[in-house]
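Asks: I need the structure of the sequence given here:
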Amino acid sequence: MPAVSDKRLTLNNGTSIPAVGVGCWMGACGEGEHVTNMVKLALDLGYRHIDTAENYGNEQSVGKALRESGVPRHDVFLTTKLDQSDHGRVEQAFETSLTKLGVDHVDLYLMHWPMAYGESGDTLQPEESPTFVETWLEMEQLLADGRAKAIGVSNFNVKTLTKLLAHASVVPAVNQVELHPCLPQHELLNFCNERGILLTAYSPIGKAKFADDPAITAIAAAHGPGVTGARILLSWGVQRGTAVIPKTVHTERLKENLQLVHLSAAEMETLDRFYRRPGSHRSVCGFHSAELGGSCFGWTYEQLGWAMAEGGIHL
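Replies: Now for the predicted structure:
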């Protein structure tokens, strides 16, 4: 099957975003040549969608890669994110990110998490100011002069989005969440589709924890030699209308991640239903806590709108 490296999806502001990007969370926070080299390599291979965050601590390294790549800035869709400690001071945080990146605008600015951290670093509760609604209203102001071409959220669910939309003047362009066949988030996808919000998947291959499952490798084998489980998972993500931002520092995997295949209706259904197997409906991320019956960064699953499910959580 031919590669589909130029597939794009349309945002609700009329602009488009490359369906496959490269994520810049490196497993640990910090600047470094390893970040710059990965982004430069990705751009050289044809990626035009780069996703980072203030929280990753590597905006300067990403910006260096953009400058050294030789790729015109207007050809790259660049995303960064507002840190939890910066709710309530959006303008200052955004300016800092622009300075670190060395750019005059970003294509997408996301609220990284709905919860805010207080001055002492403690997590504020949902009713405490600044709430995510207050933070969103500040983010809307960034659109006025074009320094942020679009704004969106991350790690939001139906519950938090419903509350946000009740007060927002601008519908989020994107909601970036953990998304893969063990956590397909069908309800959230339908909710966002109905409201013109694009879902973007982080950990789209489930951190390679199930890409070699027989059900997935069988689909890969049906598409010919060299097609891997990772390619199948990314193809499923894009074919269902979501953007995907896998991360890898390996050249061959970066190439592979751009080589999407077309899946049949039966193959899509197999992947859509993969989470229904016993023990399969789960997150692969390590930021969950068993405290208070399930929590994440100081909010309970109930506050976040996440529900417990067999074998883990659904978001």
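Asks: surely residue 242 meets residue 177?
Replies: No - under the criterion of C-beta atoms under 8 Å, residue 242 lies out of contact with residue 177, with a separation of 9.3 Å. Bear in mind the C-beta positions are built from the backbone N, C-alpha and C, glycine included.
Asks: Distance-wise, check the residue lying closest to residue 238 once chain neighbours are set aside relative to residue 273.
Replies: The shortest distance from residue 238 to any residue other than its chain neighbours is 4.7 Å, reached at residue 19 (C-beta to C-beta, 6 or more residues apart in numbering). Residue 19 sits 23 Å away from residue 273, going by C-beta to C-beta, to the nearest Å.
Asks: got it, and residue 123?
Replies: For residue 123 relative to residue 273 (C-beta to C-beta), the value is 36 Å.
Asks: do residue 216 as well
Replies: Taking C-beta to C-beta as the measure, residue 216 falls 12 Å from residue 273.
Asks: Who has more neighbours out of the two?
Replies: In this view residue 216 and residue 273 are compared by other C-beta atoms under 10 Å, and residue 216 has more residues nearby, 24 against 14.
Asks: Let me know the secondary structure of that one.
Replies: Each residue gets one of three states, and residue 216 gets helix by DSSP: H, G, I helix; E, B strand; the rest coil.
Asks: Wait, it touches residue 230, no?
Replies: No - with contacts defined as C-beta under 8 Å, residue 216 does not count as touching residue 230, sitting 9.2 Å away.
Asks: could you show me where the helices are in the stretch 201-315 of the chain, in order?
Replies: 214-222, 229-239, 251-257, 265-272, 301-304 (DSSP state H, counting those that start in this stretch).
Asks: right, so these: which one is the most enclosed?
Replies: For these, ranked by mean neighbour count under the definition mean count of other C-beta atoms under 10 Å, the leader is helix 229-239 at a mean of 24.
Asks: Give me the packing partners of that helix, helices and strands only.
Replies: The criterion is 3 or more C-beta pairs under 8 Å, 6 or more residues apart in numbering; DSSP states H and E, and the helices and strands that helix 229-239 contacts are helix 214-222, strand 243-244, helix 251-257, helix 265-272.
Asks: which stretch among these comes nearest residue 189?
Replies: helix 265-272 (10.2 Å; C-beta to C-beta).
Asks: what about the chain, any weak spots by pLDDT?
Replies: For the chain, the stretches flagged by pLDDT under 70 are 1-5, 290-293, 308-315.
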